[in-house]
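A.B. asks: Based on what follows, work out the 3D shape:
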Amino acid sequence: MFCPNCGQEKLGPETTFCSRCGFLLSGTAALLEAGGNLPAAPGTTSQTSKRKRGVKQGLFIFLLTFLVVPIVAMISIWLRVGPEITSLVAVLLSMGGLLRMAYAWLLEDGSPAAASSQQQLGGSSTRAALPPERSIPAADYAYQGPGNWRDTNELQPSVTENTTRLLDHEQPPQ
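C.D. replies: Residues are numbered from 1 along each chain as shown. Take a look at the predicted model:
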């Protein structure tokens with residue numbers, strides 16, 4: 001294996017740094033062994049689905065009701081405001097959490113999401129096609145032959161050409 005930074009050959013299998021530039025080679029070796037896929041980092045092996053994350057978010061919002069509603073009640077008593085604000089907050093948080101959980105159960109995908117550690121270095125796990133051609137073909141720059149751009153017969157003579165002709169026909173003074 002060669003160092004991707006400077007090109008120096010790795011001295012042995014136990015070498016973790018490049019002997020020339022000091023580049024860390026252990027991650028590069030793991031990347032080559034995994035076939036270009038990033039190896040899974042410890043602690044990131046759990047794959048959760050969108051449905052499971054949605055249920056967790058809904059449960060969090062629902063349980064947040066039991067923390068926020070008493071705080072809002074104390075503030076409304078301190079400000080001497082009616083209980084309408086407290087009841088509104090309680091309904092919004094509890095119903096919001098329940099609706100979020102229902103949305104996750106009914107409409108979100110239950111398959112595990114692809115972990116970022118299994119993506120290719122290019123940014124996606126599938127190979128994309130080449131981008132469309134954006135260059136101008138070389139034939140447009142080729143020599144077109146006589147007649148088009150070098151033909152000056154169709155141009156009107158300039159003022160300097162007429163003056164030059166008059167000077168050429170003028171007789172030198174005697």
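A.B. asks: buried stuff in the lengthiest helix in the chain?
C.D. replies: In terms of residue count, the longest helix belonging to the chain (DSSP state H) is helix 50-78. Neighbour-count burial for helix 50-78 flags 51-52, 54-55, 58, 61-62, 65, 68-69, 72-73, 76 (criterion: 16 or more other CB atoms under 10 Å). Placement of C-beta: from N, CA and C, glycine included.
A.B. asks: now do stretch 82-94
C.D. replies: Quick answer for stretch 82-94 (16+ other CB under 10 Å): 86, 89, 90, 93, 94.
A.B. asks: Stretch 4-14 too?
C.D. replies: For stretch 4-14, by 16+ other CB under 10 Å, it's residue 10.
A.B. asks: who touches it?
C.D. replies: The contact list for stretch 4-14, computed with CB atoms under 8 Å, 6 or more residues apart in numbering, reads 1, 2, 3, 18, 19, 20, 21, 23, 25, 28.
A.B. asks: For the helix or strand bottoming out on mean pLDDT in the chain, enumerate the helices and strands it packs against.
C.D. replies: Using mean pLDDT, DSSP states H and E, helix 26-33 stands out as the lowest-scoring helix or strand of the chain, at a mean of 74. Under the contact definition 3 or more CB pairs under 8 Å, 6 or more residues apart in numbering; DSSP states H and E, helix 26-33 sits against no other helix or strand.
A.B. asks: gap between that helix and the chain center?
C.D. replies: What separates the centre of helix 26-33 from the centre of its chain is 24 Å, taken as CA atoms, centre = their mean, to the nearest Å.
A.B. asks: do stretch 28-37 as well
C.D. replies: The chain centre lies 22 Å from the centre of stretch 28-37; the measure is CA atoms, centre = their mean.
A.B. asks: Put the alpha carbons of that stretch into CSV.
C.D. replies: Extracted C-alpha coordinates of stretch 28-37, given in CSV (Å, rounded to 0.1, in the frame of the first residue of the first chain):
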residue,chain,number,x,y,z
THR,A,28,-6.9,4.2,4.8
ALA,A,29,-6.1,0.5,5.3
ALA,A,30,-9.6,0.0,6.9
LEU,A,31,-11.2,1.9,4.0
LEU,A,32,-9.4,-0.3,1.4
GLU,A,33,-10.3,-3.5,3.2
ALA,A,34,-14.0,-2.5,3.3
GLY,A,35,-13.9,-1.9,-0.5
GLY,A,36,-14.4,1.8,-0.4
ASN,A,37,-17.2,1.8,2.2
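A.B. asks: Okay, buried residues for that stretch please.
C.D. replies: Buried residues in stretch 28-37, defined by neighbour count with 16+ other CB under 10 Å: residue 28.
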